[in-house]
Every structure is written in structure tokens, then in C-alpha cells.
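> Model the following, please.
(one chain, ligands or ions: 1)
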Amino acid sequence: MNKSYNGRFTPRPDAVRAAYSAEQVLQAVDEAVRTGKRIAVRSGGHCYEDFVTASDVEIVLDVSQMNGVTFDPEHQAFAVEAGATLGQVYKSLYYGWGVTIPGGSCPSVGVGGHIAGGGYGALSRLHGMVVDHLYGVDLVVVDQHGRARRVVATRRPDDPNRDLWWAHTGGGGGNFGVVLRYLLRSPQAHGKDPSTLLPTPPATSPGVTLTWQWADVDERAFTTLVRNHGTWHERRPRTRLSSSLALSHQATGQFQLLVGVDGEQGDVGRLMDDYIKTVTAGVGAAPATTRSDQPWLTATLGAETYAGGTPFKSKAGFLRRRWTDRQIAVVHKYLTDGDQRWGASVYVSSFGGKINTVAPSATAFPHRDALFSVAYDVYWSDPADQDEINWIRRFYQEVYADTGGVPVPGDANSGCYVNYPDADLADPKWNTSGVPWHTLYYGDNYPRLRRIKARWDPGNVFHHSLSVRPQA
Ligand SMILES: Cc1cc2nc3c(=O)[nH]c(=O)nc-3n(C[C@H](O)[C@H](O)[C@H](O)COP(=O)(O)OP(=O)(O)OC[C@H]3O[C@@H](n4cnc5c(N)ncnc54)[C@H](O)[C@@H]3O)c2cc1C
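Predicted coordinates for the structure are as follows:
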């Protein structure tokens, strides 16, 4: 039962425990503590690093069969079981109540890890992070006597377990216990009608895709396009238009600009056309243009066919400002080196909007000043091949050469996303900034997370290479 999306890892646990109920989760955790075995919980299996698949994990607790989506009248919130995939959640919430969460774009990602780390997607500029709608968590924790027990923690100001809710608003999966259910209700929502308690998605999702052939694009054209994209978003951090530059390596022949907008309000066509005119101004090379106007759910679920299993390494960074021209030159250099790197790409997604309206300490996710989320990915065929990993390490280090090889929070950068974990950040060979990995992920929120860890997982039962360390 290897459900690891990343083929870089080959898990070999002693046992995989598939849980169908809270009782079975309690039993599996209890068994691990009693026998002194390392346990790791898996939901959708999409982790970038070996948090679930490390060679010393002895019991994998798989909760993917706990995937129901219901309305819980006791909490007046949607109860989403932690094994559900984003696709299951989008379908169930939309068909059942006409609502949604502003989560990620890949339907097979599991909410178990996704929500605990923050969760963002195409609707986040309008509706914020998923954790901005998290009312509570229902989970299994292990106390100082090694006893597994179930606890519910909510954002209610008078809830004595409130800190445990806060830890799940960006603290990341695999840190505090086993989440059974996420309870979701928007903070401003009131009343008892479920269809008003989470965001309503637009009926349609108008989109435009511009595709350039690498053969038509020289470095000057590339620089102009990437600079225009960055400048446009810097000037309009709050618009409802979102766009991603999907910069595939030249070995693939082409790269794209994907533009989407909430189709409900105003003159969508004009907003898109003005945007495209500004971003392509002075580029010269003409892209192929494809327009679509699909029902929201169809566009959101997409046509995902890839089931994972290929080795990959990802690195990431939040930007407060667009890349500098020096950084764009580095990106161009690496994306045009040879014709073999079919699996390499850089994704620059617009961030900001409603995400920026929340204080950095209101949730454990601190990157509230970020305008762009950038992901640097490379996929390859042979799991034993180290060449691609070293290539992306050098690439990333050069992009962030001015700040010790990593996006140190400051004027230009806003650190890294815990849902895109990168073990290199804890390695002084690749992070020469002197800024520890936990500051990159959590900023000033780390000391509070450590206190919460000490209270709720005093025996450090739930840990991995980048987990929150209990306060000494
Ligand atoms: C192809 C792809 C696309 C992505 N797109 C986006 C995106 O658009 N937006 C975005 O925000 N993120 C995105 N991500 C990142 C994604 O949010 C994280 O990889 C997330 O952690 C995956 O969760 P999972 O449950 O599928 O993974 P898993 O590997 O099952 O778990 C990841 C971590 O969470 C822990 N965990 C899992 N379940 C539980 C639980 N029930 N209780 C406690 N801890 C748990 C695990 O132990 C592990 O540490 C993407 C990832 C991939 C691979």
C-alpha cells in the first residue's frame, strides 16, 4: 500500500494500519506508544519530503478511508474527515450546500496535510486561506502518561483548547496528533443555514491560457514578460484576477501564462483583456491564446489523470516583491540549459488579496505580506539519479544568492510555505543565511508553536525532520 505521490521515497514500514473510525485511530496510536514504535499518519500521501516515508517510520496510519463530508449541527460547521481529498471536498460541499473552501488546485491532495499547513488556491485572493475558515479540529493526541485521547479544539475565545486549534492554522501536519475531522465555518458567518456558512464559488470560471513557444522567445522577451507580470500584481494586490506563470523548461518546447477571474462580478472580459495587454506589452513574441468559460466545479476538478509515483524535488518561496532583473536572469539561465530537463519548471502564482488582510499572528500561517507564491520543481525518471536534485539546489541557491540561498523574510521575501517542505532549509550547506528553517516557515509564530507542542505532544510522538520541536 505505497500511496506516496513522490517516487523519490520508498517507504518500508513494519505495518500500515488503515483506520475507518476514531476508535481505530486511538488503537493504532495506542499500539505505537505502547510498543515504542515511530508512527506517522498519512491522508492524501502528497508530502514533498519523507515525513511519512522515512526509513525509521515503523507504523503508517492511513486515514484515507475516513473521508466523509457532513454538516455537524452541534458545532454549526462542516465536518470534513481528514482522509478526504480536495476533489471529494469540493464535490460534496458544492453538490450538498453550494459552498466551497479556497483550497488548492490538485484534486488528489488530502486535506489531512493540506489544511493543517494553511491551504491556498485560485479562490484565495477573494476568500483567503482555508485556515481562515477553520472553526475547529477534532483529533487524537497523546498525553504525558502516553495515553491516546480524543479532543476537540475550536477558535472560540473561551475554549480552553484554543491553542491547539491555532496550531492547526498553519503549523503543518504530523506535529501535534492525528486529525480526525476539520470543522469549517467562515469567521463572519452567522445563522443556521449551512449554505451561508462558507464561501459561495462563482457559477463559472472564465480563463485564458497564453502559450509561448520557447523557440520564439529570447532572453529580452522572457525578461519583459516576467517583469510585466510581477509589476502588474505589485500595482494591483487586491484584484479578483489571479494568474500563474507556468515556466516550463525549454526542453518541453513551451511555457504558459494562466489567467483566471471570478466570473460573477463586473466586466470580466475587459479586466482580462486589459491584463493581457499590459503583461504582454513589449514582449514581441506572439503567444497562442485559448479562452474557456467552464462551470466552476468542472474547471476546479480539471482533468487530472496523473496519479503520482515519479520522483520529484520541490523548493519554494513567498515573494513580497517581484523577482529582481538579476533573479529573472538566473531563472532564464536555468530554464534554458540544454534540452534534456523535461520535468523542470517554475510556477509563479499570484498571492495577496484577502490573504493579506489577516494579521501574521492571527493564524500560525505567518506569510500575510506575500504577493507571489513561487514553486521550483523538477521531476525525473530514475529514483537513484541525484543530478536533478543538485541542479534544482544550485538553481534555488542562485535565485536567492543575496540572502544566503533562501528567501529570508524581509523587504523582498516572506519565507517558505510549510506545505511545500524542503529539508535543505535545515542544511547549512544550502541555507547559508544563518536564519533557521523554522523562521522561514513560521516567522515569529515558532515560539508559540513550541509551547503548544510541549503541552499537547509532550512525548514528541508525532515528529519528522522539520517538525516543531517541543519547548525544552
Ligand atoms: C501535485 C501537488 C499539488 C499541490 N497543490 C497545492 C496547492 O494548490 N495549494 C496548497 O496550499 N498546497 C498544495 N500542495 C501541497 C499540499 O498542500 C501538501 O503536500 C499537503 O501536506 C498534502 O497533504 P496530504 O494529506 O495529501 O499528504 P500526506 O503525505 O498524507 O501528509 C502530509 C503531512 O501531513 C501529515 N498528515 C496527514 N494527515 C494527517 C492527519 N490526519 N493528522 C495530522 N497530520 C496529518 C503527514 O503526517 C505529513 O506530515 C500540492 C502538493 C502536490 C504534490
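
> Just grab the bridge partners of V60 for me.
Counting by DSSP bridges, V60 forms beta bridges with V16, A40.

> do you know how far the closest residue to the ligand within the stretch 301-450 of the chain is from Q471?
At 3.9 Å from the ligand, N419 is the closest residue in the stretch 301-450 of the chain, using C-beta to the nearest ligand atom. (C-beta placed from N, C-alpha, C; glycine too.) According to C-beta to C-beta, to the nearest Å, N419 stands 24 Å off from Q471.

> more crowded one of the two?
Neighbours per residue (other C-beta atoms under 10 Å) separate N419 from Q471, with N419 holding more: 24 against 14.

> How about the more buried one: what's its closest non-neighbour residue?
G117 (3.4 Å; C-beta to C-beta, 6 or more residues apart in numbering).

> Go ahead and confirm the one you found touches T169.
No - taking contacts as C-beta atoms under 8 Å, G117 lies outside contact range of T169: 9.6 Å.

> Touching both of these two, which residues are there?
Jointly contacting G117 and T169 under the rule C-beta atoms under 8 Å, 6 or more residues apart in numbering are F365.

> can you list the domain ranges for this protein.
15-200, 204-442 (automatic domain parsing).

> With mean pLDDT as new columns, can those be given to me in TSV?
Shown next, in TSV, are the domains of the chain (pLDDT from 0 to 100):
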stretch	mean pLDDT
domain 15-200	97
domain 204-442	94
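
> so which of the ones you listed is the most packed in?
Comparing the domains of the chain by mean neighbour count (mean count of other C-beta atoms under 10 Å), domain 15-200 comes out on top with a mean of 21.

> Check the offset of it from the chain's centre.
14 Å (C-alpha atoms, centre = their mean, to the nearest Å).

> do stretch 231-243 as well
Distance of stretch 231-243 from its chain centroid, counting by C-alpha atoms, centre = their mean, is 20 Å.

> do stretch 398-412 as well
With C-alpha atoms, centre = their mean, you get 20 Å for stretch 398-412.

> Restricting to C-alpha, output it in PDB.
Output of stretch 398-412 as PDB, limited to C-alpha atoms (Å, rounded to 0.1, in the frame of the first residue of the first chain):
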ATOM      1  CA  GLU A 398      21.500  31.300  -7.100                       C
ATOM      2  CA  VAL A 399      18.000  32.900  -7.200                       C
ATOM      3  CA  TYR A 400      18.300  33.700  -3.500                       C
ATOM      4  CA  ALA A 401      22.100  34.400  -3.600                       C
ATOM      5  CA  ASP A 402      21.600  37.900  -2.000                       C
ATOM      6  CA  THR A 403      20.000  36.300   1.100                       C
ATOM      7  CA  GLY A 404      22.100  33.200   1.800                       C
ATOM      8  CA  GLY A 405      20.500  30.900  -0.700                       C
ATOM      9  CA  VAL A 406      17.000  31.000   0.800                       C
ATOM     10  CA  PRO A 407      14.100  33.500   0.800                       C
ATOM     11  CA  VAL A 408      14.800  35.200   4.200                       C
ATOM     12  CA  PRO A 409      11.800  37.200   5.400                       C
ATOM     13  CA  GLY A 410      12.500  40.900   4.700                       C
ATOM     14  CA  ASP A 411      11.800  43.600   2.100                       C
ATOM     15  CA  ALA A 412      11.800  41.200  -0.900                       C
END
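
> which other residues reach that stretch?
317-321, 323-324, 326-327, 330-331, 334, 376, 396-397, 413-416, 425, 430-435, 439-440, 443.
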